[in-house]
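Chemist: what follows is a protein structure lacking sequence information:
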DNA sequence: AAAAGGACCTGGTGGC
DNA sequence: TGCCACCAGGTCCTTT
């Protein structure tokens, strides 16, 4: 479900409600996420105060007194702020009960997400330490993409969806960014000029920034922690628009598959 | 080292 | 109504 804008939307939504709150109880209903939830997670977290909620790529980092809970929402995960007595429903796998009588509830039908506890710096965790730069920082530039892509034959779409190259760009925003940069998604990453990578880096930043401002993209079921849908789906130019006219030139949007993911593009606008 | 494909899961949709 | 194939906001791991 969530790419960078959706995770950032959730982060902003939960932050004011959880900062300074103590975790009074942890309820694990189903520990079988992508990696097993630590059976002793409750002992790790109980009575600790949440000091900050950060985001690294698509990971949420919930900083507590003596460690950090690293949460990834996978493909179908939601993080919802609920009142403590709300009955659990299907796929409600984990609750963090807070001292303000609210709780953070993780719901994830496909269970591709995870909730990991670390007492080290989370940025050094094996899942995070090799991640590429944040796209909305100045570390992420066309020059960076150009250098990292030299000699590589994979397609530019697969290249920018690789979190070791740049974090947070999933299938929706890869499609949208390539359209905004007028680059054909199947072009080999190693054969794209610096000038065009400058356009692509600018497009990625602009698309993600706008999506954050719109509260993310709600295609089916994304919502923030308060249950609000996003609005960026109204701005989509190509994603899920196969056969519909390009908003620039009117040609029908094409769809193909790349690495088992749906790709959408305009044959005329993107070269 | 890089590329390709499978693996992990549930649920929704569309065709017959 | 049922059954089946295929698709879905991700990404790690194994094999080539």
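Modeler: Done, it's in. Worth saying up front: this structure is predicted, and the values here are computed from it rather than measured.

Chemist: from here on, just use CA atoms for contacts and neighbour counts.
Modeler: OK.

Chemist: so residue A:135: helix, strand or coil?
Modeler: coil (DSSP: H, G, I helix; E, B strand; the rest coil).

Chemist: tell me how far it lies from DNA strand C.
Modeler: 13 Å (C-alpha to the nearest atom of the strand, to the nearest Å).

Chemist: which pLDDT does the model give that residue?
Modeler: We have a pLDDT of 98 for residue A:135.

Chemist: do residue A:221 as well
Modeler: For residue A:221, pLDDT reads 89.

Chemist: just give me the neighbour total for the nearest residue to residue A:156 once chain neighbours are set aside.
Modeler: Using C-alpha to C-alpha, 6 or more residues apart in numbering and skipping residues adjacent in sequence, the residue nearest residue A:156 is residue A:189, 4.3 Å away. By the criterion of other C-alpha atoms under 10 Å, residue A:189 has 24 neighbours.

Chemist: quick check: residue A:189 touching residue A:147?
Modeler: No. Residue A:189 lies out of contact with residue A:147 (C-alpha atoms under 8 Å); the separation is 10.4 Å.

Chemist: and the next element down the chain from the helix of greatest length in chain A?
Modeler: If you go by DSSP state H, chain A has its longest helix at helix A:194-213. With elements assigned by DSSP states H and E, the helix or strand that comes after helix A:194-213 is strand A:254-258.

Chemist: following that following strand, which helix or strand shows up next?
Modeler: strand A:261-265.

Chemist: enumerate the residues of the stretch 1-150 of chain A near DNA strand C.
Modeler: Counting by C-alpha under 7 Å from any atom of the strand, the residues of the stretch 1-150 of chain A close to DNA strand C are A:1, A:2, A:3, A:6, A:57, A:58, A:74, A:75, A:76, A:112, A:127.

Chemist: show me which residues of the stretch 151-271 of chain A sit near DNA strand C.
Modeler: Going by C-alpha under 7 Å from any atom of the strand, the residues of the stretch 151-271 of chain A near DNA strand C are A:163, A:168-172, A:217-222, A:260-262.

Chemist: where do the helices of chain A begin and end?
Modeler: A:4-18, A:41-45, A:142-149, A:156-160, A:171-180, A:194-213.

Chemist: so can I have JSON lines of those showing mean pLDDT and distance to residue A:107?
Modeler: Listed next are those as JSON lines, based on pLDDT from 0 to 100; distance: least, C-alpha to C-alpha, whole Å:
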{"stretch": "helix A:4-18", "mean pLDDT": "98", "distance to residue A:107": "13"}
{"stretch": "helix A:41-45", "mean pLDDT": "96", "distance to residue A:107": "17"}
{"stretch": "helix A:142-149", "mean pLDDT": "98", "distance to residue A:107": "35"}
{"stretch": "helix A:156-160", "mean pLDDT": "98", "distance to residue A:107": "28"}
{"stretch": "helix A:171-180", "mean pLDDT": "98", "distance to residue A:107": "22"}
{"stretch": "helix A:194-213", "mean pLDDT": "98", "distance to residue A:107": "22"}
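
Chemist: let me see the contact set for the residue in the stretch 151-271 of chain A positioned nearest to DNA strand C.
Modeler: Using C-alpha to the nearest atom of the strand, the single residue of the stretch 151-271 of chain A nearest to DNA strand C is residue A:170, 3.2 Å away. Contact analysis of residue A:170 by C-alpha atoms under 8 Å, 6 or more residues apart in numbering lists A:3, A:4, A:161.

Chemist: rerun at 10 Å
Modeler: Residues near residue A:170 by C-alpha atoms under 10 Å, 6 or more residues apart in numbering: A:1, A:2, A:3, A:4, A:58, A:157, A:158, A:160, A:161, A:162, A:163.

Chemist: dump those residues into CSV; add distance to residue A:213 as well.
Modeler: Below are the contacts of residue A:170 laid out as CSV (distance: C-alpha to C-alpha, whole Å):
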residue, distance to residue A:213
A:1, 18
A:2, 15
A:3, 14
A:4, 12
A:58, 17
A:157, 24
A:158, 26
A:160, 22
A:161, 21
A:162, 24
A:163, 22
